[in-house]
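# sequence and predicted structure below; questions after.
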Amino acid sequence: MKPFAFTKAESLPKTLSAKKETTQFIAGGTNLLDLMKKHISQPDELVDITSMLSDKIEAHKKGIRIGAMVRNSTVTLDANILTNYPLLAKAILAGASPQIRNMASAGGNLLQRTRCPYFYDITTPCNKRQPGSGCSAVEGENRMSAIIGYSEQCVAVHPSDFCIALAALDAAVVVTQSNQKNSTIPFSDFHRLPGSTPQQDTNLPANALIHSIEIPVNDFHKNCAYVKVRDRDSYAFALVSVAAALDLKGNTIQEARLASGGVAHKPWRWYEAEQYLKGKEANAVHFKEAAAMAAKDVKPLAHNGFKKLMLQGAIETALQNCLTT
Amino acid sequence: MLFFEDQDSITTAAEGRVEGIAKVTGKGKYAAEYTVENVCYGALVGSTIAAGSIQAIDVTNAKQVKGVLDVLTHQNKPLVPGFADETKIKESRFGLPVFHTDKIFFKGQPIAIVVAETLEDATYAASLVEVTYTTEKFVVDFREAQASTPLSMAGKERGSMEAWSDAQNIVEAEYNIAAEVHNPMEMHATIAHWISQDKLKLYDKNQGVNNVQRTFARLFDIPTDNIEVISEFVGGGFGSGLRVWPHVLATILAARQVNRPVKLMLTRPQMFTAVGYRPQSWQKIKLAADKDGKFLGLLHQAQHSTSVYENFNEGITRIARLVYSIDNLKTESSIVPLNLSTPTWMRGPGDCTGDFAIESAIDELSYVLKKDPVELRMKNLSLEKSPDTGLPWSTNYINECIEKGAARIQWSERKALPGQVKEGDWNIGYGMAVGMWNAGRGNASAAIQMQKDGSLTVQTAMTDIGTGTGTAMQNIASEITGISKQKIKIELGNSTLPPAPSQGGSTGLSSISGAIVAVSKALKQKLADYASVQDEVYKNATTEDIILSESHLSFKTNGNHAIAYTSLWETHNLNVLEVEASSGPGEERQKYSFCSSAAHFCKVRVNSKTGKVKIDRMVCVADGGKIVNAQAAANQMSGAAIGGIGMTLMEEQKVDARVGGLIGNDFAGYHFAVNADAPLIEVDFIHKPDPNINPTGSKGLGEVGIIGCAAAIANAIYNATGKRLRDLPITPDKILLA
């Protein structure tokens, strides 16, 4: 690890305006420390922002607001979330380990970087780590890589589980800019596709901080599920994950949400399949059709052809689980 | 065992591990945890290319980091006498002549060690060492390189291949297993301290302190006794500590160079290239039976990877010659050199790999024959004698393991045809396989020091890598001497104690138990000798005549001719009474063959939509002779079974042929099984002593716990789904695509 200075932020305006390019903010640090140990991030200064951010979960008329400093484990224990937004807790509990969830912040969860093995190995080329050096995964070991939305420059996938649920629930990210004004970025616009600038994971402006996450009121709390298929049952990133949510009237689907992890550089929504399910009976036939609809557009790489089948299976399973869990 | 010396330490429960409290309270020190005055820290620099040579190493920037004391490379290292020239390097059998060559054999090869005042300084400076290389063509793709090393005979052919060429019931298939990495929880670490020019003290993680001691005595040409190796607590080994690895030598050289004690702990990514792994393998099986299920012939071919600088052969086909009686048998193998670090023994080495192919093929054959796989195996077991040596088994209860396991899992619930039982998207099936291992034994020594209060300290150099060796020593010493366990301390894992072999290949307990029995008897004899001066009755007493209690010894019955230890100590002016004894294998090895065995049964669920495999139940029944400590033994078995689950379902060290090395070599990329992947492992034992193997009748268990697991799970997956998976690990993608 490269030596660095460590300071605790004392005021938000000062912190934001004083941030240099070689400064990084640290909250839970569960990803950043790994990146520093592996010489991927080499900041000169770390600024601890934990005391600058809200660690409150607040309900209001239009929904719920999760402060950026709320620990991941806190989200999974909050009564309001468990009653009205249980999909969030289900997704978080499918990720990391209890120790990591206790440390990791909600804001940091959104900003964690990809887990592509080449990104983590500084002896190999990687456009995300070193723009222009080439992508080792596109022709290399890409079993875990993307099947949709990727570019020749990068085939990495977004690693968060929490974000998949947030994408499904049409969340929004409230951001404090360096001028201290808050602005809102719809969740679907927060993370980016790699395109020709894979080094940029999100649209968070420079010198800005995540303030909170807003989740609008919804009717998905009764019928939602998170399915994560992975190589082992704890502490492993998704091969494919699916957040599914149904708003049912009787057995008729009023509205459906489907989002996936492990398939793209950002949480991926299956809008066409969601649209298809609207107005349909909630049954295996329709679920299968919706799953096929989602899977038809994917373009697997050399070593992840299985993800198409797995995605279909995981969507069917998640939709089915909406009815039982 | 330091904590025994604390006045306020809690006494261990009689059934607990002797080192349990020290471990859970943190009092027990692992290699890197020792405090050594004036210690500094080392960090290794690994090569970034797979083959070639070093053109230049620039350490200017690294040396500018505050706190850096020196950077050792092949250009400025202190010369190791044992590496003085190419011939000596070869003769040393050390493997990689670290810092004594400019050649690069694999990516990650240690080429420099930075020594600094702090770990942080050393680690950062290591990232600033700049190296230019001359690169050469490398080969890291096992499948691609396989053809380059033709197979040759592995052992004598039995019968002929022609004899069964027209067999009707035949299975022919190929099996592949990915490379696996031990990854014990404690990363390998060394503190090297040159006490004087030719006296070395090492705190080192390993599985055999005497082996480490001998290795460096040879390399540095100094007397063995000048080297002390301490390895009192070991956080898992699985075979990774059976060899002496380059990083230990690097640390010793660094300590010599800076003339201070140096501490080095490998990083987790370095653990993947520095201390061996189970090599990637390919196997082909051809197996035939007559219509009644009697095996007619077996052809077993195997290849596994090795490095370009060392030939390592783990003997995959050995197991083909161990379990079943087969008249016509041919085994062939070869090793495939790659530009990767040298593989090594990993739990159940060779046999674990070979067993997966053979036990899978037998299962396949059972469906061809429409016979129950349990019945098919029972019919072909070689229960009387070893099919290979022809010697009678001393004991072999593999049939009882199978029967007991089948009853426990309710094997009768299994459907004869695959894919018959469904619960929603889950298919349910049963599978089984057996495992066997040559039960070895080595020469070992132990000592007892007795105090006049009747307390004992039992000592040996052998390590306890978490298997319960110390606890077993205490149990045996208590049983033989009659002194209660609470009064018996254990000291081990130090080369100044009586010598013992390395702890590996399931020989640890088998070897040390003989020494503990011998030294316990020697203690009784010595006490009798002293007692005979005071009381004639003890003159010709045998060890069986001597009864020891907490405070006195007696003749034949407790209290008869009683002499208090205090009186004995006073009369003979004793401070501490010391005895030492050795024990080892003898001519029984010419009369018998010895084996441990196990039967593994499991019930699995396989999801047809996601490809996920869940193990509902896993039953392991083992013949380990007499079980000295049931809890420690069961712990060994369940740990091995979970290792088996990892091997079967997820463990895979990926190699990138373009990068020329490993990829994903950390815990995000490499998965081993965790609790969530395993059911409660149901362990049982046959618990019959082997009368010939050693004085306690106990046989090793470490290997048979894993040998057979993989095939049992794969066979259950077939029974559940009708999908035959012959490549490990069986990850969800393979299930979906099958």
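Great, that's in hand. Residues are numbered from 1 along each chain as shown, chains lettered A, B, ... in the order given.
# which residues are contacting the helix or strand hosting residue B:62?
Using DSSP states H and E, residue B:62 maps to helix B:60-64. For helix B:60-64, contacts defined as C-beta atoms under 8 Å, 6 or more residues apart in numbering or on different chains pick out B:68, B:71, B:114, B:125, B:126, B:128, B:129, B:130. To be clear about C-beta, it is placed using only N, CA and C from the backbone, and glycine gets the same treatment.
# distance between it and the chain's centre?
Centroid separation between helix B:60-64 and its chain, computed with C-alpha atoms, centre = their mean, to the nearest Å, is 41 Å.
# buried ones in it?
The neighbour-count check on helix B:60-64 (16 or more other C-beta atoms under 10 Å in any protein chain shown) flags B:62, B:63 as buried.
# which SSE is immediately downstream of it?
Next helix or strand after helix B:60-64 toward the C-terminus (DSSP H and E): strand B:68-72.
# now the contacts of helix B:60-64: which count as buried?
Buried members of these, counted by 16+ other C-beta under 10 Å: B:68, B:71, B:114, B:125, B:126, B:128, B:129.
# format the residues you listed as TSV; extra columns: distance to chain A and pLDDT.
Shown next, in TSV, are those (distance: C-beta to the nearest C-beta, whole Å; pLDDT from 0 to 100):
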residue	distance to chain A	pLDDT
B:68	12	98
B:71	17	98
B:114	13	98
B:125	10	98
B:126	10	98
B:128	9	97
B:129	13	98
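# now for those, which pair is the farthest apart?
Distance extremes for the buried ones among the contacts of helix B:60-64: the farthest pair is B:68 and B:129 at 10.5 Å, using C-beta to C-beta.
# can you list the domains in chain B?
B:34-137+B:191-236+B:241-268, B:281-440+B:590-737, B:441-584 (automatic domain parsing).
# pick the most buried one from the ones you listed.
Sort these by mean neighbour count, taking mean count of other C-beta atoms under 10 Å in any protein chain shown, and domain B:281-440+B:590-737 sits at the top with a mean of 22.
# average pLDDT for that one, rounded please.
Averaged over domain B:281-440+B:590-737, pLDDT sits at 97.
# and it, how far apart are its ends?
End-to-end distance of domain B:281-440+B:590-737 (C-alpha to C-alpha, to the nearest Å): 22 Å.
# if we can go back for a sec, reformat the domains of chain B as TSV; add distance to residue A:94.
Output for the domains of chain B, formatted as TSV (distance: least, C-beta to C-beta, whole Å):
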stretch	distance to residue A:94
domain B:34-137+B:191-236+B:241-268	24
domain B:281-440+B:590-737	11
domain B:441-584	31
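# residue A:119 is nearest to which of those domains?
For the domains of chain B, the distance to residue A:119 is smallest for domain B:281-440+B:590-737, at 10.6 Å, taking C-beta to C-beta.
# run the chain-centre distance for the closest one.
16 Å.
# leaving out the residues flanking it, which one is nearest to the residue in chain B positioned nearest to chain A?
Nearest residue of chain B to chain A (C-beta to the nearest C-beta) works out as residue B:609 at 3.2 Å. Nearest residue to residue B:609, sequence neighbours excluded (C-beta to C-beta, 6 or more residues apart in numbering or on different chains): residue A:313, at 3.2 Å.
# likewise residue A:204?
Closest to residue A:204 by C-beta to C-beta, 6+ apart is residue A:175, at 6.4 Å.
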